[in-house]
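Need the 3D shape of this:
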Amino acid sequence: MTTRGLSRKQVIIPMNKENKRNFMEESSTYVTNMNRALKNIKSEVMVDFVQVKTNSIIIVTNKVTLSLDLQTIENYIKNINHINTDGIKVPRLSLLKSYFKIISIPYLQENTNNSLTLNVVENIIKSNHIFNNIALASRPYIIKIFPKSDMAIIWVDI
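Purely as a prediction, here's the structure:
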């Protein structure tokens, strides 16, 4: 399985436009103060920089943020005088987008000339205990390896 997209080193803090503007005016001071607060709890996590997105700010850290680090960052931001706490939602870590490939699956179903279908693949994935707590982000892709081959590769976003 491979991951792509945002990393777990990014803390996403949804907030309104006015709060984002107020936060970014003094962002360098806030980064320094957040690092001081993290150092006070003896955390190895340090804030590297802040990014602005459409409906949130993203605080990028040097290491994966743990729950105590996340709580410290949240408490610091909610105690800033220029920030309206009603316009801030609960900070969260980014969700990873993952995918995996199943290689060398028979393309034709046993004892038939019918090719492998998405319904068969989805039923196999749902019946396997490995995927109990995993939701599919999209339908699987079935790719035949070679025109004369009876093998397929299945690509699944989870």
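
who's Glu143 bridged to?
Quick fix: residue 143 reads Ile, not Glu. Ile143 has these beta-bridge partners by DSSP bridges: Ile153.

I'd like to know how far it sits from Lys101.
To Lys101, Ile143 is 9 Å away according to C-beta to C-beta, to the nearest Å. For glycine as for every other residue, the C-beta is placed from the backbone atoms N, C-alpha and C.

what sits in contact with each of these two?
Ile153, Ile154, Trp155 (C-beta atoms under 8 Å, 6 or more residues apart in numbering).

Please tabulate those residues in TSV, including the columns distance to Asn123 and pLDDT.
TSV is the format used below for the shared contacts of Ile143 and Lys101 (distance: C-beta to C-beta, whole Å; pLDDT from 0 to 100):
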residue	distance to Asn123	pLDDT
Ile153	18	81
Ile154	13	81
Trp155	17	78
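
and of those, the nearest to Ile77?
Taking C-beta to C-beta as the measure, Ile77 lies nearest Trp155 of the shared contacts of Ile143 and Lys101, at 39.1 Å.

Quick check: the closest one vs Val120, distance?
In terms of C-beta to C-beta, Trp155 sits 15 Å off from Val120.

contacting residues around the closest residue to Ile83 other than its chain neighbours?
Closest residue in space to Ile83, ignoring its immediate chain neighbours: Asn19 at 5.2 Å, by C-beta to C-beta, 6 or more residues apart in numbering. Shown in contact with Asn19 (C-beta under 8 Å, 6+ apart): Ile83, Asn84, Gly87, Ile88.

helices or strands up against the longest strand seen in the chain?
As assigned by DSSP state E, the longest strand anywhere in the chain is strand 97-106. Contacts defined by 3 or more C-beta pairs under 8 Å, 6 or more residues apart in numbering; DSSP states H and E place strand 97-106 against strand 2-4, strand 151-157.

lowest-confidence stretch among those?
Among the helices and strands packed on strand 97-106, strand 2-4 has the lowest mean pLDDT, at a mean of 44.

which element follows that one toward the C-terminus?
Counting by DSSP states H and E, the next helix or strand C-terminal to strand 2-4 is strand 10-14.

Show the average pLDDT along that next one.
For strand 10-14, mean pLDDT is 87.

So which residues of this protein form strands?
2-4, 10-14, 47-52, 56-61, 92-93, 97-106, 141-144, 151-157.

Mind listing residues that contact the longest helix along the chain?
Longest helix in the chain, counting residues (DSSP state H): helix 27-40. Around helix 27-40, the neighbours that count as contacts under C-beta under 8 Å, 6+ apart are 23, 45-47, 49-50, 59, 69, 72-73, 75-77, 80.
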